[in-house]
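[1] Sequence and predicted structure below; questions after.
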Amino acid sequence: MDETSVRKIYKTYSSTRKMDVVNKGEFIEIEFTGRANGQVFDTNNTDELKKLNPNAVPKKTIIAIGQGMIIDALDKSLEGKEIGKEYSVFIKSEDAFGPRRKDMVKVIPLKAFIEKEVYPRAGMVLTLDDMIVKITAVSGGRVTVDFNNPLAGKDLDYNFKILRKVDSDEEKARAVFEIMFKFVPEFTTGDKITIKGPKFMESFVKAYGSKFKEIVGKDLAFELKEQKVEDKKEELNVKQN
């Protein structure tokens, strides 16, 4: 068989081969590793995770493409990619977590921390006003706090592989709840996704119902569930936090 014949066969095969690619709006499971300055800052790859922490257990990551469940530049790079193929993407700092900003470094009275029984020291990382912040200095009665994202001002490198498309309503709902609510409530699937729980959770359904339907494609409903004493204590903790 001559070279011309081989090329024709390859061309025919390439044009008829149906690639299993993913599209905007579809749910996928993704394996990834993110690096900044060559150092891994986030991963769910078993081998990379063990390097950071031998006892760590990789967490399954499921997202809907194009729904802002991950940083925008990485999200956009997923569209049209093949399942099972490995990819790399470089993201400049301005398209990742933006530049470092001097106005995001604040000085807070030490007293404000002590009143909450928090004793800050330089290098400490904690959550303040629902943000991850870093204590950069403690001097006298003042604490210097950096509200910049730890990755601000850094270019990022991602390696990723799309493992599969996700069709299960249960997996889709669970992934969206983790992003929207920061926890996964008790729920059932069917014509609707129904959250079961105490009365206060009905407000979550009203607030996020339309966005949930946009992403998952099903209405979000609420069903009141009789509470046990321990459940009421948990409800009180959620409200206080």
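    Arrived safely, thanks for sending.
[2] Neighbours of Thr136, how many?
    13 (other CB atoms under 10 Å). Glycine gets a C-beta too; all of them are placed from N, C-alpha and C.
[3] show me where pLDDT drops low in the protein?
    In the predicted model of the chain, residues 1-18, 227-241 satisfy pLDDT under 70.
[4] switch the cut-off to 50
    In the prediction, the chain carries residues with pLDDT under 50 at positions 13, 15-17.
[5] does Met201 count as helix, strand or coil?
    For Met201, the secondary structure call by DSSP: H, G, I helix; E, B strand; the rest coil comes out as helix.
[6] what do you get for Ile179?
    Using three-state DSSP as the criterion, the local structure at Ile179 reads helix.
[7] what about the closest residue to it other than its chain neighbours, distance to Asn53?
    What sits nearest to Ile179 in space, not counting adjacent residues and going by CB to CB, 6 or more residues apart in numbering, is Met69, at 5.4 Å. Here the distance between Met69 and Asn53 works out to 24 Å (CB to CB, to the nearest Å).
[8] which one of those two has more residues nearby?
    When Met69 and Asn53 are compared for neighbours, Met69 comes out ahead with 18 against 8, by other CB under 10 Å.
[9] any idea how far that one lies from Ala175?
    7 Å.
[10] try Glu82
    21 Å.
[11] Ser168 now?
    10 Å.
[12] what about the two, which has more around it?
    The neighbour comparison of Ser168 against Ala175 (other CB under 10 Å) goes to Ala175, with 24 against 11.
[13] Next, that one: phi, psi?
    Phi and psi for Ala175, reported as degrees, to the nearest 10, are phi -60, psi -40.
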